Every structure is written in structure tokens, then in C-alpha cells.
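Q: Prediction below, plus the sequence it came from.
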Amino acid sequence: FPGYKGINEVYYILAYNNKELGNHSEAQKYFKLASGKSSSDNTKLTAKSRLALADYYFNDHKYKEAVPLYESAISQLDEKWWTKDAFNLAWSYYRTRRYDKAINLMLEVHKKSGDKKYVDMSNMVERDIGIFYVDANRLNDAIAFYTRNGINYTEQFVKIANIIVSQGRFSQAESLLNE
């Protein structure tokens, strides 16, 4: 019954059940169908389907595909897990070299993490945002962020330098440590 009014609900239930059973390719197929069958009275379900699909893409390192799904979903949902989903979107921006968007979204996640309505992602933002700033060549902004939040930026830069050295980015690590 492809014309059934609640078809996206049926697809979502099939997707969710397959996900729970570990049938991830089937789950993705049904999440795609549920996310594409938006009805004006169930945009929340459509957004949840897009989030689930975005998470699959994110975990498969298909960041370019994850971005529009995350963007669409978090613009429609303002729930407890918004900060986690936005955090993943920020990483997707970073992985697709959209550093300024990644940083701006991380800052928003950090701010909303202070609200009890949302999952607190502040520690993860504080851990990761430095690398975003480094790759965007915005070290002064990194220093300002860490200082504003009472975090020793020198320690953060040492941690970041260790990460980028392990990636073979020696000259960038050296310049970071000379800041």
C-alpha cells in the first residue's frame, strides 16, 4: 500500500526493528524510505529517520552524505540529544574541511551543554575544538576559547601537538608548540 498515509511510520518501524536485530543494511534501506516520505503531520519521525541514517553515514566515514541529513534533522528537532547530533555534524563539517562551520557549531554545542535540557557534551567539545582551530589557522581564537573557559591552553596545545605528530604533521606541531 504505497499510498498509505502513515507509510513513513511503517518504514521507520521496519528500520528500527532491523537496526535492533543487527540487520544494518536493511535498517538503512528503511530509514532512507522513511526519511524520504515526509508528511506534514509527522516531520519529527522524518527527522529521526534522517538522524539515524546520518549516524550510519557518520560511522562509515561518509561525512559528505551525513551533513545534509544532520542539518535537516537538527533544524527540526530540539531535544535532549541535539548536542550529540550537532557534535557529530560539527565533526562532519571538519572532515569535509568546513572548519569555520565546524567551529561555530562546536561553540553552540558547548553553550547548549550548559543547559540541563541537553546532554552535556562540553568536555568533548573542549577536548576536540582545539584541533578545529589549529586546522583553521585560528590559534588566537583557540587561546581565547580556552582562557574564557578557565582551561590551560598550553596543556591543550601539547595534547593537540601529540595528535598531529602521530598524523605526521611535524612542522604544524612544532609551530603550535612555539605559540
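A: Noted; the coordinates are in hand.
Q: so where's this structure shaky on pLDDT?
A: 1-2, 37-42 (pLDDT under 70).
Q: Would you state the helices of the protein in chain order?
A: Secondary structure of the chain (DSSP state H): helices at 7-20, 24-36, 43-59, 63-76, 82-95, 99-112, 122-135, 139-148, 153-166, 170-177.
Q: would you list those in a markdown table and tack on mean neighbour count?
A: (Each C-beta comes from the backbone N, C-alpha and C, glycine too.) Output for the helices of the chain, formatted as a markdown table (neighbours: other CB atoms under 10 Å):
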| stretch | mean neighbour count |
| --- | --- |
| helix 7-20 | 17 |
| helix 24-36 | 19 |
| helix 43-59 | 21 |
| helix 63-76 | 19 |
| helix 82-95 | 23 |
| helix 99-112 | 19 |
| helix 122-135 | 20 |
| helix 139-148 | 16 |
| helix 153-166 | 16 |
| helix 170-177 | 14 |
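Q: which non-adjacent residue is nearest the residue positioned nearest the centre of the chain?
A: Geometric centre of the chain, nearest residue: residue 88, 1.3 Å, by CA atoms, centre = their mean. Among residues not flanking residue 88 along the chain, residue 58 sits closest, at 5.1 Å (CB to CB, 6 or more residues apart in numbering).
Q: which ones are touching that neighbour?
A: Residues near residue 58 by CB atoms under 8 Å, 6 or more residues apart in numbering: 66, 70, 88, 91, 92.
Q: mind listing what the nearest residue to the first one once chain neighbours are set aside touches?
A: By that I understand residue 66. Excluding the flanking residues, the one nearest residue 66 by CB to CB, 6+ apart is residue 57, at 3.8 Å. Neighbour list for residue 57: 63, 65, 66, 69 [criterion: CB under 8 Å, 6+ apart].
Q: and those, which two are the farthest apart?
A: With distance counted by CB to CB, no two of the contacts of residue 57 lie farther apart than 63 and 69, which are 10.9 Å apart.
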